[in-house]
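> The following comprises the amino acid sequence and a computationally predicted model.
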Amino acid sequence: MPASRGASFGSWRKYLAVCLAAPAFFTAGSAAAETRSFVLSHFYQAVYSQDNDCEGGPEPNIDVRFRGILADMGKTQKEIDELMDGFNGGGGAGPVHEILRNRGSPEGRRVFVGDNPTQVPDPNIRTVISKIGPGFDLDGKVNADSFEDPETHQKGLDNQYFRALGCFVSHRALPPDLPTSWSYFWDATRDRTKGWLISVEGSDLSQDGDVTVTFARAMETPIRTPKSLPQRDQTFRVDPTPRYINVYKGHQKDGVVTIEPGEKFHIVTGGGYLPLEMRMTHTQMRFKLTADGGVEGMIGGYEPWLDIYYMYAGGGYGYESMVGLNLPGIYYAMRRLADAEPDPKTGQNMSISTAYRFDGVPALVVKPARTASK
Amino acid sequence: MIKTQKLLSTVLALAIAGPAVAAEPATSGGQALIRRVTPSQYTQTIKDIFGEGIKLGGRFEPDLRANGLLAVGTAKVSVTATGFEQYYTMARAIADQVTDKDHRSTLITCKPAQARSPDDACTKQVISQFGRLLFRRPLTSSELDAQVIVARDAATSLKDFYAGLRVGLTNLLISPMFLFRQENVEADPAHPGKYRLDAYAKATRLSYLLWDTAPDDLLLRAAESGELHTDKGLKNQVTRMLGSKRLELGVRAYFTDMLGFDEFKTLTKDTVIYPKYTNVLTSQAQEQTLRTIVDLLVTNRGDYRDIFTTRKTFLTPSLGILYAVPVVVDRPINTPELWVPVEYPEGDPRTGILTHASFVALHSHPGRSSPTLRGKALREVFLCQKVPQPPGNVNFEEVQDANSVHKTVRARVNAHLVNPVCAGCHKITDPIGLALENFDSAGGFRTHENGEKIDTSGELSGVKFVGSGGLGQTIHDSEAVASCFVSRVFSYATGATPVQSQSAFVKYAEQRFTANGYRLPDFLQEIALSDAFFQVDGPRAPAPAAQKIQ
């Protein structure tokens, strides 16, 4: 089947007169003669990991780091060896886990360090020092923390989120590979998460010109292929909650669609490595329609870094003992690298520049059906 | 005087009925058969007798397709040792559930005097009640006594009435009298020297044809009372059964057999090439077609031929993905998908059941479509024409290489046809199968193959057409399609392909089918009330004694 058939909602509108109503959200533009809609197959942090991009190499593995933490806590080598004997691959319940999990100790009480990151000193996790990386130029400036796009060589790209966590092995990948943990958590949450839809409308999407881009949440969960990816041509209804419908003016040039920057982005996620409510300002988006009828691109902006941090902390101690993260380390790194929206009183930046890659397959997007039979 | 009365009644009947209706021609040649119950008949029978909640806990032996129908094959199969093991496993599982504490209060209609001792009276009541429904006739006294004795011995040994009953029930469920439909004949008092099916065999034929299950209590009563041997009694029962919602079961069973859906058990698709095809679709593809047929032919009493052209069908979200058609229904996570009615717009290529995945995917290779398999199936299933198997020494390389210089199947098939040995058969299959080339091996729609536009022109018996719509209309208009259907339904009903001496009835039934607007319920009534449906030859004369060689 040619890509255009499955991807074009317009060609299927005739069916809707029979069993479904036309989708108001995706055909609202009166001038729009063509609409193509997609459900996202992946959504993950935009990274670009290379050799030597972290001073001293990536963060050490869990075993080594835990030994270091225990040493910092004043344990002797003998005590450390005895405690780490019960480490059991990170999944056990021995004394070492209790000590490490609850290493934040306000006023003598032992509490989970993820919820109380400032109760331990900044462990100074390794952060990305490379100048090459993906992102968007959110502030219009080229400065010491900016990245240069590895393909277009555009400079001044902001993506401090990558800089903060990009030295954890679980967050490292060189495109087109996905960072391991992002791949895992996105996949693990798919069957309980509604589809994310991107739609692009224009008078003729085979030509350059103005477009309208919509990023919305569906009411259906994607059905998966035998390879666990979303099926092409599944039908989705847009969640009518206005807060989850992001509409942007955009432009297509040389097959690449970009949106006019500055708008907000808001969507409910399925958890995993994303805050349950994802809030972004100064949003930028860039994507292209692929030859196989799909879409691939990137979205970025500024997000409240505490939203992101407490998402990690909410994952619990397992994110440290099994994934290999360092929760206080993430807290301090994000606080240090946050680059927008300073608190008027303290001057501390409360938002951090982020970027995410995505790809998707053609979808049919409509309003809910009226009737169903068993 | 009698002749005058007959004439008057005939005139009166004509006046009431309107235009003259030809009477059923007298024929002969039916057979009384022993037919193994099919998996769906077994399943439905257990469900009807013991309730929906009873699990079978075993698997069935494969059926045998003969002359295009599994129903005909049922008279040609026995039970293998492995098959019997499975029947026994299922019998034990069913008997266990029927007598367990959860079910006994509702299914066992009496209580033993003492739960740890045998109770012949209660056993007799239960065994005779279930035995009548399972054997589709009352048990003989020796059959009943045998099970009562077995149950008594078991209950005594195991000190448990219900354990004894379990053994008796298990024996009923593994009996050939249950597993096989044994059609008994008796002398026909109305036609001295001739034979007829006995009333229970008659009830059984009716029930399996119309409802795909064993006769219910009312039908057995009609058999017991002799009512079923009267025209009025038979008509009452047929009318009752045709008016029941359960007619859908019978129609589903017939089309499941006719359309060869048993082949779905072994159908595989290359999911790298066709990621949309999943196991879910294996059952949903069949269900789509069956729902479409039942809606058209039973619910709306439509024209049978319209199954090839109807724009109406039913889809699930998964089928919507396969067909790239919008389908949305509300359903909680981890619940079965729901069905929605869909009507395609005029001119849409997806009209008719030939475009359903149940046809185009079933009759394709795992990784590529096949106009030959589709054309063959179309001729054999819908037109009752036999297509020979290919010779053993054919080189299929040209056709099978999807990466060959020939980009489309049509081009590959044409290249293959330079071999005159192949050309003969391909000429009768490919021109119709190629009209369905807009549908890939999984049933997905496509307009191009390897970048080349697909040519869907075709031809059937000199009629040229384009695409699935043209093919559907041509089949719809073909005379052979109705006569094939009539013959198939009659074979399905009787369990045997019509013989020469029955051809007059088949011809008559075809005329009636046509006259009644090709409506299936009317046609089933015609069959169910006909003499030919129940007609059987008598017992064969004993074979001559072997001659002794001097």
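Perfect, thanks for sending it.
> and residue B:490, what does it touch?
Residue B:490 makes contacts with B:498, B:502, B:505, B:506, B:509, B:527, B:532, B:533, as judged by C-beta atoms under 8 Å, 6 or more residues apart in numbering or on different chains. (C-beta placed from N, C-alpha, C; glycine too.)
> redo that, cut-off 10 Å
B:496-498, B:502, B:505-506, B:509-510, B:523, B:527, B:530, B:532-533 (C-beta atoms under 10 Å, 6 or more residues apart in numbering or on different chains).
> pLDDT weak spots in chain B?
B:1-21, B:333, B:393-403, B:416-417, B:421, B:540-550 (pLDDT under 70).
> mind running it again at 80?
Within chain B, the segments meeting pLDDT under 80 span B:1-22, B:330-335, B:389-407, B:412-426, B:428, B:538-550.
> Walk me through the domains of it.
Chain B resolves into domains spanning B:35-181, B:252-477, B:479-536 when parsed by automatic domain parsing.
> which parts of the stretch 351-500 of chain B sit against chain A?
Contacts of the stretch 351-500 of chain B with chain A, taken as C-beta under 10 Å from any C-beta of the partner chain, map to B:438, B:439, B:440, B:444, B:445, B:446, B:447, B:448, B:451.
> ok so, going back, out of the contacts of residue B:490, which sit inside helices?
When DSSP state H is applied, the contacts of residue B:490 are split such that B:505, B:506, B:509, B:510, B:523, B:527, B:532, B:533 fall in helices.
> my guess is the second one meets residue B:533, correct?
No. Contact between residue B:506 and residue B:533 fails when scored by C-beta atoms under 10 Å: they sit 11.7 Å apart.
> A helix includes residue B:340, no?
No. Residue B:340 is assigned strand when assessed by DSSP: H, G, I helix; E, B strand; the rest coil, not a helix.
> Pull the number of nearby residues for it.
By other C-beta atoms under 10 Å in any protein chain shown, 24 other residues sit near residue B:340.
> So in terms of bridging, what pairs with it?
In this entry, residue B:340 is beta-bridged to residue B:315, by DSSP bridges.
> swap in residue A:249?
Counting by DSSP bridges, the residues bridging with residue A:249 are residue A:212.
> Okay, and the residue of chain A most remote from its centre sits in which element?
Here chain A reaches farthest from its C-alpha mean at residue A:78, the gap being 41.5 Å by C-alpha atoms, centre = their mean. Residue A:78 belongs to helix A:77-85 when assigned by DSSP states H and E.
> Let me know the next secondary structure element after that helix.
The helix or strand immediately downstream of helix A:77-85 is helix A:95-101, counting by DSSP H and E.
> Select, out of the domains of chain B, the one closest to residue A:193.
domain B:252-477 (10.3 Å; C-beta to C-beta).
> Could you tell me how far that closest one lies from the centre of the chain?
Taking C-alpha atoms, centre = their mean, to the nearest Å, one finds domain B:252-477 lying 20 Å from the centre of the chain it belongs to.
> and that domain, how far apart are its ends?
Domain B:252-477 has an end-to-end distance of 24 Å (criterion: C-alpha to C-alpha, to the nearest Å).
> what's the answer for stretch B:354-361, then?
Using C-alpha to C-alpha, one end of stretch B:354-361 lies 10 Å from the other.
> Likewise for stretch B:184-192?
17 Å.
> which other residues reach that stretch?
So stretch B:184-192 is contacted by B:30-32, B:137, B:193-202, B:204, B:229, B:531, B:534-539 (C-beta under 10 Å, 6+ apart).
> I'd like to know which of those residues are buried.
Neighbour counting with 16 or more other C-beta atoms under 10 Å in any protein chain shown marks B:30, B:32, B:137, B:195-202, B:204, B:229, B:534-536 as buried within the contacts of stretch B:184-192.
> Which ones, among these, also lie beside chain A?
Counting by C-beta under 10 Å from any C-beta, no member of these reaches chain A.
> between the residues you listed, which is nearest residue B:261?
Nearest to residue B:261 among these: residue B:204, at 23.7 Å, using C-beta to C-beta.
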